[in-house]
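In: build the 3D model from these lines:
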Amino acid sequence: MRVVVILALFSLAAASNLKQRMQTVVTNIVKDTAKKWGDDTVMQLSFKSDTEEFTVAAGNVKTPDGKTRPATTEDTFMYGSGTKPVVAATVLRLVDQGKIKIDDKASKYIDPWLQKQNGTTLENIFGNAISKATVLDLIRMSAGIPDFEGVGVGGTDEFDDDVLKAGKSNPFDAAHYSATHCPTSSRAPNCQTSAGPSLYCEPGDCSGYSSTSYQVAGMLLTSVLQPEASWDDMDQRGALGLSADRYPNMQFPNKGKISNTLTVPGKCTSQEWNYATIYDQDASMNGWTCGNVIANTKDYAQFWVDLLDEKATDPLVSDASRTEMGRITRMTQGTLPGASYGAGLQRLRAGGYHSHSSDLSSFLGHEGDTYGFLAQGGFVPGLKAGFQLVLNRDYASPTRTATTCLVQIAAEEILGQTVNLGCQYTSQQVVV
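Out: Alright, predicted model coming up:
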């Protein structure tokens, strides 16, 4: 009995030390980031494994009404493209349940709904070739559908600018814009719009990062699960089976004010976007099924475990679907040529792309860059742990740095391994 007690105390001590060290890291990163982007910079981090679970936060929350308070571990944020893994998992759950087939043509399901909701079809929007696109093509971004981001003179985000000015959006406008506005020729040499709607390529012949492809995947989900519903009434939470007790703060608002669900305002770091504050706009501007999730990081860390841990007690998808999500290929078109992507999952690395690939530094997850927020999360096999980070600035360096530090310090604390991934925030004490 004495041995058991001693081991239990050791485990608790290790867990407490990891949390304390990551609180220090997050606090110091926020201090440094605030020097450039303002004293209302906030970061939150959650970590979940079989032996440890914690959330830490740092910074001050300032709302437009002038109130200021310390950030908490219960605060909620926007995750942008972090929504895509949730949508991909939902599509594959339908496959697991036999409600759709992975190699079915997507238009088979979408067109009847699209005709009722918007009086059109996928072919009307994207041209005849889109009829070849399968269910899997949508979530692997291999349907040839151009993105609405990175489109415009010099690669500017004209559609995003319009959304910010209007304070609202819808998936039909995004689809039509993507079909008629290709990225710069160097990014999509086969995308032509002068003669009408076009694709990057024939479906299945290429892949290119496309948030629009995930808005079309949302049309698929709605057409199958709620065929009589409008897009903004889609119950994404219910579709994935996210129970309130397991994911109490994960929501997918499509209408109403963002602040009805969001507790931490985001700040755009671009002059092009007028350093806009994201808080009171209409929730539709978040991008529907390509970027509308609002949650705290604790729920997301749980999501990564349930999705990617092969020994998860309550897995979200089948082994076959998980394998498909993690089947990584290199993108050939669009705004991120060469990016490593699967079905709603990215291959990410702690320590940057120059770090050695291992089951610690290399992991599956997703980064999310949206108006006023930057997030990164995933499941690290070497730690057998899920994690999620988010910053209320659309600026990637702090979250990537925090990810590097988390993996490096967790390897030391949990595994007793010294792994130098380049973390500069390893002190046990807060630097004032």
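In: low-confidence ranges in the stretch 51-200 of the chain?
Out: The stretch 51-200 of the chain contains residues with pLDDT under 70 at 150-156, 182-197.
In: the strands in it, which residues?
Out: Applying DSSP state E, counting those that start in this stretch to the stretch 51-200 of the chain gives strands spanning 53-62, 68-70, 77-78.
In: to Val87, which of these lies closest?
Out: Taking CB to CB, strand 77-78 is the member of the strands of the stretch 51-200 of the chain nearest to Val87, at 15.3 Å. Any C-beta I mention is one placed from the backbone N, CA and C, and that applies to glycine too.
In: for the closest one, packing partners?
Out: Helices and strands touching strand 77-78, by 3 or more CB pairs under 8 Å, 6 or more residues apart in numbering; DSSP states H and E, are strand 294-295, strand 373-380.
In: which strands and helices sit next to the shortest one?
Out: In this case it means strand 294-295. strand 77-78.
In: how many residues are close by Asp369?
Out: Using other CB atoms under 10 Å, Asp369 has 18 neighbouring residues.
In: all numbers from here: first residue = 12
Out: Yes, from this point I'll number from 12; that puts the last item at Asp380.
In: for it, phi and psi?
Out: Per-residue torsions, Asp380: phi -120, psi 110 (degrees, to the nearest 10).
In: the residue nearest the centre of the chain and Thr340, how far apart?
Out: Geometric centre of the chain, nearest residue: Gly93, 0.8 Å, by CA atoms, centre = their mean. Applying CB to CB, to the nearest Å, the value for Gly93 to Thr340 is 21 Å.
In: including mean neighbour count and distance to Gln226, could the strands of the stretch 62-211 of the chain go into TSV?
Out: Formatted as TSV, the strands of the stretch 62-211 of the chain follow (neighbours: other CB atoms under 10 Å; distance: least, CB to CB, whole Å):
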stretch	mean neighbour count	distance to Gln226
strand 64-73	20	30
strand 79-81	11	35
strand 88-89	32	16
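In: can I get these in CSV with distance to Thr132?
Out: Converted to CSV, the strands of the stretch 62-211 of the chain look like this (distance: least, CB to CB, whole Å):
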stretch, distance to Thr132
strand 64-73, 45
strand 79-81, 49
strand 88-89, 32
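In: of all these, which one is nearest His377?
Out: The minimum distance between His377 and these falls on strand 88-89, with 13.7 Å, by CB to CB.
In: tell me which strands that closest one pairs with, and in which orientation.
Out: Strand 88-89 sits in its sheet next to strand 305-306 (antiparallel), going by DSSP bridges.
In: now for the helix or strand just after the partner strand, which elements pack on it?
Out: Sequence-wise, the next helix or strand downstream of strand 305-306 (DSSP states H and E) is helix 308-319. Packing partners of helix 308-319 (3+ CB pairs under 8 Å, 6+ apart): strand 53-60, strand 64-73, helix 94-107, helix 330-336, strand 384-391, strand 396-402.
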